[in-house]
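Enquirer: prediction below, plus the sequence it came from.
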Amino acid sequence: MDWQELDRELEQGQIAPVYLFYGDEVYLQEWSLKKLKERLIPPGAEAFDYQEMDGRELTGTAITMLAVTLPALAERRLVVIKNPADEIWKDTSLLAYLAGPEPSTCLVFVVAGSIDKRLKAVKEIATAGRVVEFLPLREEALATWLAREARQEGYNLPPDAARLLARAGGDLRQARNELAKAMTCTGSPGTITTAVVQALVPEVEAENTIFQLVDALGNRQAALAIGLLRRLLARGEAPLGIVAMMARQLRLIYQVHLAGNSKDLAAQLGVKPFVARKAAAQARNFSLAAAGQALAELLKVDTGLKTGQGEPGPLLEQAIWTITARGEH
């Protein structure tokens, strides 16, 4: 199940006795928890019937005791366990509870990142309740979500403005912050125009463009990468900064090869899981030798820029052509 399916069920008043939220889009997890809380906990009942706990400090038995406690004021209690410790999933008392969860409690486990779906506890949750994956929203889905958020605040965010805001917004939390700026700039509830969005997000859009450039490089899309490079240079971005970002991505690709079949690639690379997954996918486009040669090519560009051996545009474009042509060789 994804967040949209969950949202439809919540709107219809269908609330399971137990949930597992997992995935990289933490802001969307928090958003869904807020909606669940609004559905279950009436004003004045929060102190009695809502508990949010750090799962790293709890045992399975403690969680079970929280879950079987009857509500005081609300019809159902809401118990949220964030970042549960690994050993919790194998706790026998918790497994017994998940096989027949208390109907007067809604128990929610929240995991920032991936989960092993082979675990018996996860299978029990899927049977008794819902396992919900929260993936980062792609541009079109993000635009739809932003338009909906604006509508709930009394604003109209037309499709063109929504897509522009989605392209410039980065992750969901950042996009929501940019939407808040756009609403503030518009003033009283009304239509948020494309002009307003363009005036607010030029710096964020520039940041987004550099990430698009390094992705194009990692995917060996030379023409796209060069087009994005020209946009960045025309906007006045520092050439050495562009080289540094390109080198960072290629360094990650190189490190993926060195890591081999590491089970915890993100930790080994020192990056977030979705960044590690992207680097691993792009590593298929480069052999270890090709990645090393690409880094050497960027070192030549860096030296050339610092010693005035050529103009930034031609030096960088030639490097992109050379790197993407080598690819898997």
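Expert: Looks like it came in fine.
Enquirer: quick one: the residue nearest to Ala85 when sequence neighbours are not counted and Glu102, what's the gap?
Expert: The spatial neighbour of Ala85 that comes closest, neighbours along the chain excluded (Cβ to Cβ, 6 or more residues apart in numbering), is Arg56 at 5.1 Å. Any C-beta I mention is one placed from the backbone N, CA and C, and that applies to glycine too. For Arg56, the distance to Glu102 equals 23 Å [Cβ to Cβ, to the nearest Å].
Enquirer: of the two, give the one with the bigger neighbour count.
Expert: Glu102 (19 against 12; other Cβ atoms under 10 Å).
Enquirer: surely the more buried one meets Val18?
Expert: No - counting by Cβ atoms under 8 Å, Glu102 stays clear of Val18, with 9.2 Å between them.
Enquirer: just checking, what packs against the longest helix anywhere in the chain?
Expert: As assigned by DSSP state H, the longest helix anywhere in the chain is helix 239-259. Packing partners of helix 239-259 (3 or more Cβ pairs under 8 Å, 6 or more residues apart in numbering; DSSP states H and E): helix 202-218, helix 222-234, helix 265-269, helix 273-283, helix 288-306, helix 312-326.
Enquirer: can I get that helix in PDB, CA atoms only?
Expert: Extracted C-alpha coordinates of helix 239-259, given in PDB (Å, rounded to 0.1, in the frame of the first residue of the first chain):
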ATOM      1  CA  PRO A 239      32.400  26.500 -12.600                       C
ATOM      2  CA  LEU A 240      34.600  25.100  -9.800                       C
ATOM      3  CA  GLY A 241      31.400  24.400  -7.800                       C
ATOM      4  CA  ILE A 242      29.900  22.500 -10.800                       C
ATOM      5  CA  VAL A 243      33.100  20.400 -11.100                       C
ATOM      6  CA  ALA A 244      33.000  19.600  -7.400                       C
ATOM      7  CA  MET A 245      29.400  18.300  -7.700                       C
ATOM      8  CA  MET A 246      30.200  16.200 -10.800                       C
ATOM      9  CA  ALA A 247      33.200  14.800  -9.000                       C
ATOM     10  CA  ARG A 248      31.200  13.900  -5.900                       C
ATOM     11  CA  GLN A 249      28.700  11.800  -8.000                       C
ATOM     12  CA  LEU A 250      31.400  10.000  -9.800                       C
ATOM     13  CA  ARG A 251      33.300   9.400  -6.600                       C
ATOM     14  CA  LEU A 252      30.100   7.800  -5.200                       C
ATOM     15  CA  ILE A 253      29.900   5.600  -8.300                       C
ATOM     16  CA  TYR A 254      33.500   4.600  -7.900                       C
ATOM     17  CA  GLN A 255      32.900   3.800  -4.200                       C
ATOM     18  CA  VAL A 256      29.900   1.600  -5.100                       C
ATOM     19  CA  HIS A 257      32.300  -0.600  -7.200                       C
ATOM     20  CA  LEU A 258      34.700  -0.800  -4.300                       C
ATOM     21  CA  ALA A 259      31.900  -1.700  -1.800                       C
END
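Enquirer: averaged pLDDT, stretch 211-219. What do you get?
Expert: What stretch 211-219 shows for mean pLDDT is 88.
Enquirer: now do stretch 292-301
Expert: 93.
Enquirer: list the buried ones in it?
Expert: For stretch 292-301, burial by neighbour count (16 or more other Cβ atoms under 10 Å) applies to Gln293, Ala294, Leu295, Glu297, Leu298, Val301.
Enquirer: what does stretch 130-143 give?
Expert: Residues Arg130, Val131, Val132, Glu133, Phe134, Leu137, Leu142, Ala143 are the ones in stretch 130-143 that count as buried (16+ other Cβ under 10 Å).
Enquirer: next one: stretch 116-124
Expert: Of the residues in stretch 116-124, those buried (16+ other Cβ under 10 Å) are Ala121, Val122, Glu124.
Enquirer: stretch 74-91 too?
Expert: Across stretch 74-91, burial judged by 16+ other Cβ under 10 Å covers Ala74, Arg76, Arg77, Leu78, Val79, Val80, Ile81, Lys82, Pro84, Ile88, Trp89, Asp91.
Enquirer: wait, what's in contact with the second one?
Expert: If I follow you right, that is Arg76. Residues near Arg76 by Cβ atoms under 8 Å, 6 or more residues apart in numbering: Ile15, Leu40, Asp49, Pro103, Ser104, Thr105, Cys106.
Enquirer: quick check: which ranges of the protein have low pLDDT?
Expert: 168-170, 201-208, 326-329 (pLDDT under 70).
Enquirer: switch to 80 and redo it
Expert: For the chain, the stretches with pLDDT under 80 are 139, 167-171, 174, 188, 198-209, 235, 261-263, 274, 326-329.
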